[in-house]
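[1] generate a structure from the sequence data that follows.
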Amino acid sequence: MIQYYEWLPNAENVKGVDGVENELAIFTFSDIKTQYKQESIDYISKMRRPHKFDFFVIMNHVAGGIKFKVDMEEYDVQQGNHIISCVPGQIVSLESVTEDFDAHILILSQRFIDSLLVYINGIIPFRLSMSRMAVVECSEEEMIMQNIFFQAVRHAVSNKENPFRLQVAQHVMTAIFYASDKPRQISETTESLRTNADVLSKQFLELVKENFRKERQLKFYSDQMCITSRYLSRVVKECTGLSAADWIERYVILEARALLKSTNMTIQQVSDALNFPSQTFFGKYFKRRVGMSPKEYRRLG
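    Numbers count the residues shown, from 1 in each chain. This is a model prediction of the structure:
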């Protein structure tokens, strides 16, 4: 099965990592790499297997190369000046890193992000805050600002004598947000406030993330939310660009593709894991959406 991490194991106990109560962790990759090598831990092998995070990962990529997959799409990022990010629920696997790879890495829990949105008065619409863009190339000036941001947050978190360091980090991030161009960009959108549709869309995607292996009918989700299926489909399409049914299929197919490519599970076992009534039904469902049978997809590797 796909490895699932609610938080990085013992993150705060790793030398070189500054963290607060499984809410925020911040470190530089080269520091962690050195420690792992000293302790003979093959971190690359551990991360090559597909896994999911229940937290946000933001990397200021400053040197070297990295290859990874997000939701089965491969990225090959060379040299620096990139922001690499993953959001909760995405399927991630690390293919390789070059010896000179380095990045400043910030990990934020979903709860921390939710509380941060309260600090900035909820002005980020859900459709912007849910961005699934994995790699963004930055200018030199943008990277300088990103690294200043990283250092400011790390300085706040590293002061372990301050019992309010998590709140300090929130305020630092809030100040940086308001000093950036983001508020202006948001104000230029047609809807600058988080609407009821945004809230419903977020609730829907959380339900899908929890239930897609067993529930693929839109009615299940609309009943859970006490709204009609037609209304649910309309607001999700409006906020995300995909229909509610498309999102359910997306989660099912991504999980199936990851299991077929990266585990030794039989096709029958994958079908059972996703609660299809039979392997034949699963095969037809998969072929209709991917264009080939599960067996062919696995064989093509």
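[2] does residue 216 sit in a helix, a strand or a coil?
    The three-state assignment at residue 216 reads coil, by DSSP: H, G, I helix; E, B strand; the rest coil.
[3] now the residue lying closest to it once chain neighbours are set aside: how far from residue 261?
    In this structure, residue 216 finds its nearest non-sequential neighbour in residue 248, 5.5 Å apart by CB to CB, 6 or more residues apart in numbering. Glycine gets a C-beta too; all of them are placed from N, C-alpha and C. Note on residue 248: its distance to residue 261, by CB to CB, to the nearest Å, is 21 Å.
[4] quick check, residue 153 in a strand?
    No. Residue 153 is assigned helix when assessed by three-state DSSP, not a strand.
[5] doesn't residue 106 make contact with it?
    Yes. Using CB atoms under 8 Å, residue 153 is in contact with residue 106, at 6.7 Å.
[6] between those two, what contacts are shared?
    24, 26 (CB atoms under 8 Å, 6 or more residues apart in numbering).
[7] I figured residue 207 hits residue 221, correct?
    Yes. Shown here, residue 207 and residue 221 form a contact pair, counting by CB under 8 Å, at 5.4 Å.
[8] more neighbours: which of those two?
    Set residue 207 next to residue 221 and count neighbours by other CB atoms under 10 Å: residue 221 wins out with 26 against 17.
[9] then the helix or strand containing residue 142 to PDB, C-alphas only?
    Element membership of residue 142 [criterion: DSSP states H and E] is helix 140-158. Written as PDB, here are the backbone C-alpha positions of helix 140-158 (Å, rounded to 0.1, in the frame of the first residue of the first chain):
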ATOM      1  CA  GLU A 140      16.800  36.000  -8.600                       C
ATOM      2  CA  GLU A 141      14.900  38.800  -6.700                       C
ATOM      3  CA  GLU A 142      12.000  36.400  -5.800                       C
ATOM      4  CA  MET A 143      14.400  33.800  -4.500                       C
ATOM      5  CA  ILE A 144      16.200  36.400  -2.400                       C
ATOM      6  CA  MET A 145      12.800  37.300  -0.800                       C
ATOM      7  CA  GLN A 146      12.000  33.600  -0.400                       C
ATOM      8  CA  ASN A 147      15.200  33.000   1.400                       C
ATOM      9  CA  ILE A 148      14.700  36.000   3.700                       C
ATOM     10  CA  PHE A 149      11.300  34.600   4.500                       C
ATOM     11  CA  PHE A 150      12.800  31.200   5.300                       C
ATOM     12  CA  GLN A 151      15.500  32.800   7.600                       C
ATOM     13  CA  ALA A 152      12.900  34.900   9.400                       C
ATOM     14  CA  VAL A 153      10.600  32.000  10.100                       C
ATOM     15  CA  ARG A 154      13.500  29.800  11.200                       C
ATOM     16  CA  HIS A 155      14.800  32.500  13.600                       C
ATOM     17  CA  ALA A 156      11.400  32.700  15.200                       C
ATOM     18  CA  VAL A 157      11.000  28.900  15.500                       C
ATOM     19  CA  SER A 158      14.500  28.200  16.800                       C
END
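[10] could you give the average pLDDT over the very next helix or strand once past it?
    Remark: after helix 140-158, the chain's next helix or strand is helix 165-179, criterion DSSP H and E. Average pLDDT, helix 165-179: 83.
[11] quick one: residues contacting the residue nearest to residue 216.
    208, 212, 216, 218, 221.
[12] poorly predicted segments of the protein, please.
    Within the chain, the ranges that satisfy pLDDT under 70 run 1, 9-10, 12, 35-44, 118-133, 179-195, 301.
[13] just the strands in it please.
    3-5, 18-20, 24-28, 51-53, 55-63, 66-70, 73-77, 82-86, 91-97, 102-109, 135-137 (DSSP state E).
[14] quick one: which of the ones you listed is nearest residue 277?
    strand 91-97 (24.3 Å; CB to CB).
[15] residue 240: how many residues sit nearby?
    Neighbours around residue 240, by other CB under 10 Å: 21.
[16] how many residues are close by the residue lying closest to it once chain neighbours are set aside?
    Leaving aside its chain neighbours, residue 240 sits nearest to residue 201 (6.0 Å; criterion: CB to CB, 6+ apart). Neighbourhood size, residue 201 [other CB under 10 Å]: 24.
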